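Got a predicted structure here, sequence first:
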Amino acid sequence: MEAERVASYIALSLPVLFLVGLAVNVHANPWFSFTDNALSDMGSLKNPNRWLFNGFLMLFATVAMIPSVVAFRNGLSYLMPLAMVFLFLVGVFPEELPYHSPSAVLFYVLALADIAIIGIKLGQKNPINYVWSVLAVLVFFTMLYLIKARVFKGLAIPELIGAFFILSWFVYLGFLLKGLKP
């Protein structure tokens with residue numbers, strides 16, 4: 001029960017950790033534009049401050065791994081721990097390296113697929129949880145549309161749409177780990 005309690009507090013704190021990390025990185029990279037850049041541009045080999053963004057991604061993935069693994073052990077996740085491994089690898093491999101893009105894509109695909117699958121599982125107990133599955137699919141296709149239609153020059157906004165949805169799931173997961181009935 002102690003692991004669930006600690007994991008719930010970590011899951012609930014992830015949005016704050018993400019926002020603080022993002023704010024620090026945007027402040028350290030005043031050239032960054034949400035509409036013209038990808039988030040990973042802040043971790044580029046060309047950026048002297050790359051260590052800050054890449055280190056933040058690795059730290060965030062490591063911290064998020066805790067509630068992901070506890071959720072897995074409690075039947076509330078199947079793919080999220082693996083998604084966190086790929087998020088960690090996004091920080092290990094800057095965007096110029098060949099493993100960066102596959103790691104980033106696999107992070108989003110696995111995380112959103114996990115939310116969709118668990119939403120279906122929880123929906124069998126309470127139909128309102130099916131909303132998570134529907135939203136996961138909608139977020140995925142919204143991200144694809146924004147990228148393929150080149151609505152923005154950069155990828156940061158589609159990336160943030162996915163990230164905020166995943167963070168919302170972690171908040172819900174935090175409440176589930178605290179004992180909220182699905």
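It's in.

Pretty sure Y108 sits against F141.
No. Counting by Cβ atoms under 8 Å, Y108 stays clear of F141, with 12.0 Å between them. C-betas here are computed from N, CA, C, even on glycine.

The two: which has the busier surroundings?
Counted by other Cβ atoms under 10 Å, Y108 and F141 do not tie: Y108 has more neighbours, with 22 against 11.

which non-adjacent residue is nearest the more buried one?
For Y108, ignoring the flanking residues on the chain, the nearest one in space by Cβ to Cβ, 6 or more residues apart in numbering is G162 at 5.1 Å.

what is the mean pLDDT for the strand or helix carrying G21?
In this structure, G21 sits in helix 2-28 according to DSSP states H and E. In this model, helix 2-28 carries a mean pLDDT of 97.

Against which helices or strands is that helix packed?
If you count contacts as 3 or more Cβ pairs under 8 Å, 6 or more residues apart in numbering; DSSP states H and E, helix 2-28 packs onto helix 50-73, helix 156-178.

List the buried residues in that helix.
In terms of neighbour count (16 or more other Cβ atoms under 10 Å), helix 2-28 has its buried residues at 4, 7-8, 10-12, 14-15, 17-18, 21-22, 25-26.
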